[in-house]
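In: below is the sequence, then the predicted model.
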Amino acid sequence: MNNHKKGLSAKDLIVTGIFAVLLLMAAMIGGGPFAAVPTLTFYFPIGAALLAGPIFMLFIAKVPKFGALAIVGAVMCILGTLTGMHWGMNFGFLICSIIASVVAGMGKFKKPVLNLAAYLVYCIGPMGTYFVFFFNRESWISFMLKKGTEQEYIDKMNETASAGIMLIMVVGTLIVATLSGLLGLRLMRKQFVKAGIAS
């Protein structure tokens, strides 16, 4: 009953590492095609939220402990830094993963509403880089040029960027994350529990 209060075991850390990779793959598969196109890159968070819901819900069921999601965020932050991603996205993942852990932990990782809310918070993470782009564009451009992003890519982003695009990104991500999270909860209830994958 107090499993969520116990520290992370070696097994928990291994499972967390596996799910960190799965969540990263889900984000890249869903959002990668958008990120590759400068006129569509603002929709990356929407795509990233599409496939990860069931993975996220299974993960917090398998490791219902404080710190597990924070580790996932840390892994994504480190990998993003190593691969040249903007710090806004890297720390967005880290900060939102920590907050998501707190939100889900308020319900001992067993309250569907709080778990869904935690997933929505988690999905806000990738927006960090785009928020920096919209509110401190010169800094964002300077950083990304140093990391090797082509000027042509940035120019096309500038042509596309607007307040409407930012609104679509935020609202679209929350809607898609809600649907994906609800699917995850449904699978948890009807399939994962029945199969003995989660309790």
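Out: Alright, I've got the coordinates. Residues are numbered from 1 along each chain as shown.

In: next one: phi and psi at the residue positioned nearest the centre of the chain?
Out: Ranked by distance to the mean C-alpha position of the chain (CA atoms, centre = their mean), the top residue is residue 123 at 4.1 Å. Note on residue 123: backbone dihedrals following degrees, to the nearest 10 are phi -70, psi -10.

In: distance check, it against residue 23.
Out: 11 Å (CB to CB, to the nearest Å). C-beta here means a position set from N, CA and C on the backbone, and glycine is covered the same way.

In: tell me the helices and strands packed up against whatever helix or strand residue 61 lives in.
Out: Residue 61 belongs to helix 44-62 when assigned by DSSP states H and E. If contacts are counted by 3 or more CB pairs under 8 Å, 6 or more residues apart in numbering; DSSP states H and E, helix 44-62 sits against helix 10-35, helix 68-82, helix 112-124, helix 163-187.

In: which stretches of this protein have low pLDDT?
Out: For the chain, the stretches with pLDDT under 70 are 1-6, 191-199.

In: who touches residue 77 in this structure?
Out: 90-91, 93-94 (CB atoms under 8 Å, 6 or more residues apart in numbering).

In: then residue 161?
Out: By CB under 8 Å, 6+ apart, the residues touching residue 161 are 42, 133-134.

In: again, only using 10 Å
Out: Contact partners of residue 161, counting by CB atoms under 10 Å, 6 or more residues apart in numbering, are 38-39, 41-42, 130, 133-134, 137.

In: quick check on these: which are buried?
Out: 38, 41-42, 130, 133-134 (16 or more other CB atoms under 10 Å).

In: nearest to residue 12 among these?
Out: Among the buried ones among the contacts of residue 161, residue 130 lies closest to residue 12 (CB to CB), at 32.6 Å.

In: what sits against residue 94?
Out: Per CB under 10 Å, 6+ apart, neighbours of residue 94: 70, 72-78, 80, 125, 128.

In: in three-state terms, label it for me.
Out: With DSSP: H, G, I helix; E, B strand; the rest coil as the basis, residue 94 sits in helix.

In: distance check, it against residue 65.
Out: For residue 94, the distance to residue 65 - CB to CB - is 18 Å.

In: where's the closest residue to residue 179 other than its chain neighbours relative to residue 14, distance?
Out: Excluding the flanking residues, the one nearest residue 179 by CB to CB, 6 or more residues apart in numbering is residue 53, at 7.6 Å. Counting by CB to CB, the gap from residue 53 to residue 14 is 23 Å.
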